[in-house]
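Asker: what would the 3D arrangement of this be:
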Amino acid sequence: MLALEKFTESEIIHRVLEGEKALYEIIIRRYNPVLYKIGRSYNFNHESTMDLMQDSFIDAYKNLSKYEGRSNFKTWIVRIMLNNCFRKKEKKSFKNEIMQELNDQSKPLYTNVANDAESTLQNRELGHIIENALLKIPFDYRMVFSLREINGMNVTETAHLLHISEANVKVRLNRAKTLLRTEIEKSYTAEELFEFNLIYCNAIVENVMKKINTL
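Answerer: Down below sits the predicted model:
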């Protein structure tokens, strides 16, 4: 596994464009959790989110030479993921996927390895409660909450990605917080939502790297 912190993004991009494809793994691992949270906040199930992530990383790789650094790389790759999510949502098949959401059997996506077995089971169950609470609030509020509180985007970046004013970002974020159940908000931090386990991270890395090595 490549060291995530060894290179800056500018160095990684430059070296990948110069032919060192293997370094793209760093980009994938660095942004796997971010893109996963975007897909789940868009109301896609686990499997569809994984597919969207793969497509987005491959799209980003194909267009890496077009990245000009005008926005930070996180904003750039999140925009690619958002565009892919939007296109998928617009397809007729998405209606059927929504009906299947209640049958999503994917594992809870955060764990605490320091806890004993009973506590871990409790945390997994509570993880589903947190996910479900967030997914029940209206889409516009959910996406602002996801970008700002879960993925750490600032107000300007969020406004730019969602094509709304900065004032609207602040209003929607406040509204999102009031819509989430108070007891969940008091007990858990936003970062705990939709945590991306290493087992899933490795699968995405493997699949994307196989694909780009054929390009």
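
Asker: okay, now the unreliable bits of this protein?
Answerer: 1-5, 92-130, 181-183, 185-195 (pLDDT under 70).

Asker: 90 instead, please
Answerer: Within the chain, the ranges that satisfy pLDDT under 90 run 1-11, 37, 40-47, 68-72, 89-137, 145-146, 149-152, 176-203, 213-215.

Asker: all helices of the protein, in order?
Answerer: For the chain, applying DSSP state H gives helices covering 9-17, 24-41, 46-62, 73-90, 93-100, 117-136, 139-145, 155-162, 166-179, 182-187, 198-212.

Asker: now the ones you listed in CSV, with mean neighbour count?
Answerer: Placement of C-beta: from N, CA and C, glycine included. Shown next, in CSV, are those (neighbours: other CB atoms under 10 Å):
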stretch, mean neighbour count
helix 9-17, 16
helix 24-41, 23
helix 46-62, 20
helix 73-90, 18
helix 93-100, 11
helix 117-136, 14
helix 139-145, 20
helix 155-162, 18
helix 166-179, 16
helix 182-187, 11
helix 198-212, 16
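
Asker: can you tell me how far residue 169 is from residue 136?
Answerer: Residue 169 sits at a distance of 21 Å from residue 136 (criterion: CB to CB, to the nearest Å).

Asker: tally of neighbours for residue 72?
Answerer: By other CB atoms under 10 Å, the residues close to residue 72 number 13.

Asker: identify the residues contacting it.
Answerer: residue 157 (CB atoms under 8 Å, 6 or more residues apart in numbering).

Asker: over to it: give its phi and psi.
Answerer: phi -70, psi 160 (degrees, to the nearest 10).

Asker: and it, how far from residue 62?
Answerer: From residue 72 over to residue 62 the distance is 20 Å, taken as CB to CB.

Asker: likewise residue 147?
Answerer: To residue 62, residue 147 is 24 Å away according to CB to CB.

Asker: same question, residue 14
Answerer: Going from residue 14 to residue 62 by CB to CB gives 17 Å.

Asker: what's the answer for residue 133, then?
Answerer: To residue 62, residue 133 is 37 Å away according to CB to CB.

Asker: check residue 34 too.
Answerer: Taken as CB to CB, the span from residue 34 to residue 62 is 19 Å.

Asker: got the phi/psi numbers for residue 153?
Answerer: For residue 153, the backbone dihedrals are phi -70, psi 150 (criterion: degrees, to the nearest 10).

Asker: burial of it, as a residue count?
Answerer: With other CB under 10 Å as criterion, residue 153 counts 23.

Asker: verify the stated contact: it with residue 147.
Answerer: Yes. Contact criterion CB atoms under 8 Å: residue 153 and residue 147 qualify, at 4.3 Å.

Asker: can you list residues touching both of these two?
Answerer: Here residue 153 and residue 147 have 78, 161 as joint contacts, going by CB under 8 Å, 6+ apart.

Asker: how about the residue nearest to residue 77 when sequence neighbours are not counted, what does it touch?
Answerer: The spatially closest residue to residue 77, leaving aside those adjacent along the chain, is residue 60, at 5.2 Å (CB to CB, 6 or more residues apart in numbering). Neighbour list for residue 60: 27, 76-77, 80 [criterion: CB under 8 Å, 6+ apart].
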